[in-house]
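Peer 1: Model the structure of this input:
(7 chains)
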Amino acid sequence: MKIRPLADRVVIKMLEAEEKTASGIVLPGAAKEKPQMAEVLEVGPGGIVDGKEIVMELKVGDKVLFQKYAGTEVKIDGQEYTILRQSEILAVVE
Amino acid sequence: MKIRPLADRVVIKMLEAEEKTASGIVLPGAAKEKPQMAEVLEVGPGGIVDGKEIVMELKVGDKVLFQKYAGTEVKIDGQEYTILRQSEILAVVE
Amino acid sequence: MKIRPLADRVVIKMLEAEEKTASGIVLPGAAKEKPQMAEVLEVGPGGIVDGKEIVMELKVGDKVLFQKYAGTEVKIDGQEYTILRQSEILAVVE
Amino acid sequence: MKIRPLADRVVIKMLEAEEKTASGIVLPGAAKEKPQMAEVLEVGPGGIVDGKEIVMELKVGDKVLFQKYAGTEVKIDGQEYTILRQSEILAVVE
Amino acid sequence: MKIRPLADRVVIKMLEAEEKTASGIVLPGAAKEKPQMAEVLEVGPGGIVDGKEIVMELKVGDKVLFQKYAGTEVKIDGQEYTILRQSEILAVVE
Amino acid sequence: MKIRPLADRVVIKMLEAEEKTASGIVLPGAAKEKPQMAEVLEVGPGGIVDGKEIVMELKVGDKVLFQKYAGTEVKIDGQEYTILRQSEILAVVE
Amino acid sequence: MKIRPLADRVVIKMLEAEEKTASGIVLPGAAKEKPQMAEVLEVGPGGIVDGKEIVMELKVGDKVLFQKYAGTEVKIDGQEYTILRQSEILAVVE
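Peer 2: So this is what the prediction gives:
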């Protein structure tokens, strides 16, 4: 099964496990968003998105930093992925 | 009876049952939106939406991932559908 | 008496009675908006609305689905109508 | 004394008395906005408003429906008026 | 000392005293904004403001209605003025 | 050490001491923003800011009124400055 | 390992230690954002960002002032960096 992201979205797979707090409670004051490293698995076609031309700069295999909680997690065949917009990717790590 | 969505909207039918929490209480901190898989039943005509040209990329029969709680649920002849904008569809699953 | 909606607004009349909860209390977490079926009674002229050209796609007599709570209810001669923008209409039912 | 509204604003005078709740307390959950009928007394010149060309469609003497609480109430010589933007007028009643 | 407002701002001086509630407490539910009458003392040059051409319609000496709490109060040489944008002026009273 | 503001920002130095309430508690209901007088120390280059051409009207030495709490305070070599956008300056005092 | 920021983002490294309050509690009323001085380590390519042409004015080695809490902190090889947009940089210190 293949996920084909629409518009300016990319599918990524996290490379680092998400930190799990013991209690599971998210304290708003402490909820400093930390980016995570991930690998790009699929890249959308770009094009006109919300009336603006978007050129996709990312390519499959890129290691990227993104904001935690950005995008949407999806589970396909027991595997977890995140789908988010290219603009939510902060940087490529080389 | 046929639903003809307007503008850049599509009508979808969920393929997976919605998870129901035992208590029915939605905890804001835990309300991590999960996408769901659905099948596209009807596709709007696209065109100029909010002053921007929208080309419909989706077609009837597409299996799609979308953000839970996106769009509006409608019940026609005892059957539940969701009407949402194409931009709220994250990806096509092939 | 005739209601002539301005700009991209339409006047509709609900075809289904609004569900009334026993207690009358609206619980925010449970307030899942449900669309309702209605009939279009009057259609505004469209034209330039907020700087964008709007073409009216709806016509008098259309059965439509719209988001509950969208628009404004008005009472004229003891009869209740809803005035809302065309963009708040989700679909036409045929 | 004459009120000359600026830009796309109109001056209206309510034709129906505003409902007054016994306690005078406004309950947010119950504050379903109801439109009111009013007569147009003065019409602004329109023109470029917030970078967009606005043509005034209303004329003095029009009976209009507008959203309750829209605009600003003003009291001149003991008489109450409401000044609001043309876009806040829902419909003309004929 | 002379105040020269920038962009599309005007300097006004209230003609009516601000109502002072006995307790001095502002109740949000009751805080129905009332416009006040004021005299225009200084008019900014207009021009391109936030990317849009603004032509100043107001002139020194105009009596105007504006929304209470709009703009910023300034005290110069013991005298109170209000500096606000032309778009916050509702009407000219003649 | 010299602070060179970017884009449409200016560096100012307050001419009046900030009022300090005895308790140090800021009461939201009472927090009526008061502008302060300041002197312009540095002026950014202007240019295209957020897609719009900004021409800098202010010059070093101008005495200006600005909204209290606007911009960001910085401390360089024990001296406090405020960096804010030109659009947050209300008026020049001459 | 090298961080290559996307679009109009820059990677900076703080030059001053972040103030740590004894209790670790952030009091909203007192949370006056203070800028910090940092050094620019990497500069993104700029270009069309959100439909607007962005020219990068910053260069590697610049000492900059930015708003505390702006951007996203990342930890690579035990070293902390912040990735933020050029527009969140207030000034260059020379």
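Peer 1: Can you report how many residues lie near the residue in chain A that chain G sits nearest to?
Peer 2: With Cβ to the nearest Cβ as the measure, residue A:52 is the residue of chain A nearest to chain G, at 3.7 Å. Where you see a C-beta, it was placed from the backbone N, CA and C, and this is true even at glycine. Other residues near residue A:52 number 14, with proximity taken as other Cβ atoms under 10 Å in any protein chain shown.
Peer 1: Worst mean pLDDT across the helices and strands of chain A, which element?
Peer 2: Least confident element among the helices and strands of chain A, by mean pLDDT, DSSP states H and E: strand A:72-76 (a mean of 87).
Peer 1: That strand and chain B in contact?
Peer 2: Yes. Figure legend: strand A:72-76 in contact with chain B (Cβ under 8 Å from any Cβ of the partner chain); contacting residues A:72, A:73, A:74, A:75, A:76.
Peer 1: ok, so of those, who is nearest residue E:87?
Peer 2: Set against residue E:87, the nearest of the residues of strand A:72-76 next to chain B by Cβ to Cβ is residue A:72 (38.8 Å).
Peer 1: Just the pLDDT for whichever residue of chain A sits closest to chain D.
Peer 2: Minimum separation of chain A from chain D (Cβ to the nearest Cβ) falls at residue A:51, amounting to 16.4 Å. Taken from the predicted model, the pLDDT recorded for residue A:51 is 92.
Peer 1: got it, and the one 10 residues further on?
Peer 2: Residue A:61 is assigned a predicted lDDT (pLDDT) of 98.
Peer 1: ok, it to residue G:6 distance?
Peer 2: Plainly put, residue A:61 is 16 Å away from residue G:6 if you go by Cβ to Cβ, to the nearest Å.
Peer 1: Equivalent analysis for residue A:15, please.
Peer 2: In this structure, residue A:15 and residue G:6 are separated by 18 Å, where distance is defined by Cβ to Cβ.
Peer 1: of these two, who's got more company?
Peer 2: Relative neighbour count places residue G:6 above the other of residue A:15 and residue G:6, with 21 against 12, counting by other Cβ under 10 Å.
Peer 1: For chain A, which residue gets nearest to chain B?
Peer 2: Distance from chain B to each residue of chain A (Cβ to the nearest Cβ) is smallest for residue A:51, at 3.7 Å.
Peer 1: contacting residues for that residue?
Peer 2: With contact set as Cβ atoms under 8 Å, 6 or more residues apart in numbering or on different chains, residue A:51 has these partners: B:51, B:52, B:53, G:51.
Peer 1: likewise residue A:15?
Peer 2: Shown here is residue A:15, whose contacts under the criterion Cβ under 8 Å, 6+ apart are A:36, A:37, A:38, A:39, A:63.
Peer 1: Just the buried residues out of those residues, in ChimeraX syntax.
Peer 2: Once 16 or more other Cβ atoms under 10 Å in any protein chain shown is used to decide burial, the buried members of the contacts of residue A:15 can be selected in ChimeraX as follows:
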select /A:36,37,38
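Peer 1: Sheet partners, orientation included, of the strand ranked longest in chain A?
Peer 2: What stands out as the longest strand in chain A, according to DSSP state E, is strand A:35-43. For strand A:35-43, sheet partners with direction are given as strand A:9-14 (antiparallel), strand A:63-67 (antiparallel), following DSSP bridges.
Peer 1: quick one, the longest one and strand A:72-76 angle?
Peer 2: The reference is to strand A:9-14. With axes from the mean of the first three to the mean of the last three Cα atoms, to 10 degrees as the criterion, the two stretches strand A:9-14 and strand A:72-76 enclose an angle of 70 degrees.
Peer 1: one step back: the contacts of residue A:51: which two are farthest apart?
Peer 2: With distance counted by Cβ to Cβ, no two of these lie farther apart than B:53 and G:51, which are 14.3 Å apart.
Peer 1: And the residue in chain A that chain C sits nearest to, its phi and psi?
Peer 2: Here the residue of chain A nearest chain C is residue A:51; by Cβ to the nearest Cβ that distance is 11.0 Å. Per-residue torsions, residue A:51: phi 80, psi 10 (degrees, to the nearest 10).
Peer 1: got any ranges where chain A has weak pLDDT?
Peer 2: Within chain A, the segments meeting pLDDT under 70 span A:16-35.
Peer 1: Got the phi and psi for the closest residue to chain F within it?
Peer 2: Of chain A, the residue with the smallest distance to chain F, taken as Cβ to the nearest Cβ, is residue A:52 at 11.0 Å. Residue A:52 adopts backbone torsions of phi -130, psi 140, taken as degrees, to the nearest 10.
Peer 1: residues contacting it?
Peer 2: Residue A:52 makes contact with G:48, G:50, G:51, according to Cβ under 8 Å, 6+ apart.
Peer 1: Would you mind naming the residues that bridge with the first one?
Peer 2: Beta-bridge partners of residue G:48, counted by DSSP bridges, are residue G:53.
Peer 1: Tell me who's in contact with it.
Peer 2: Residue G:48 sits next to A:52, A:53, A:55, G:54 when contact means Cβ under 8 Å, 6+ apart.
Peer 1: interface residues of chain A facing chain D?
Peer 2: Residues of chain A found near chain D, taking Cβ under 8 Å from any Cβ as the criterion, are absent altogether.
Peer 1: can you list the residues of chain A near chain C?
Peer 2: Contacts of chain A with chain C, taken as Cβ under 8 Å from any Cβ, are absent.
Peer 1: quick one: terminal-to-terminal distance for stretch A:46-57?
Peer 2: The distance separating the two terminal residues of stretch A:46-57, taken as Cα to Cα, to the nearest Å, comes to 9 Å.
Peer 1: which parts of it are buried?
Peer 2: Here stretch A:46-57 shows A:46, A:49, A:54, A:56 as buried, counting by 16+ other Cβ under 10 Å.
Peer 1: which among those gets closest to residue G:92?
Peer 2: Nearest to residue G:92 among the buried residues of stretch A:46-57: residue A:54, at 30.2 Å, using Cβ to Cβ.
Peer 1: Would you mind confirming that the closest one makes contact with residue A:46?
Peer 2: Yes. Here residue A:54 lies in contact with residue A:46, judged by Cβ atoms under 8 Å, at a distance of 4.6 Å.
Peer 1: Show me whatever sits in contact with both of those two.
Peer 2: What both residue A:54 and residue A:46 touch, as defined by Cβ under 8 Å, 6+ apart, is the set A:7, A:8, A:86.
Peer 1: From those residues, list just the buried residues.
Peer 2: Counted by 16+ other Cβ under 10 Å, the shared contacts of residue A:54 and residue A:46 give A:7, A:8, A:86 as buried.
Peer 1: Just send those residues back as JSON lines, with secondary structure too.
Peer 2: Shown next, in JSON lines, are these (DSSP: H, G, I helix; E, B strand; the rest coil):
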{"residue": "A:7", "secondary structure": "coil"}
{"residue": "A:8", "secondary structure": "coil"}
{"residue": "A:86", "secondary structure": "helix"}
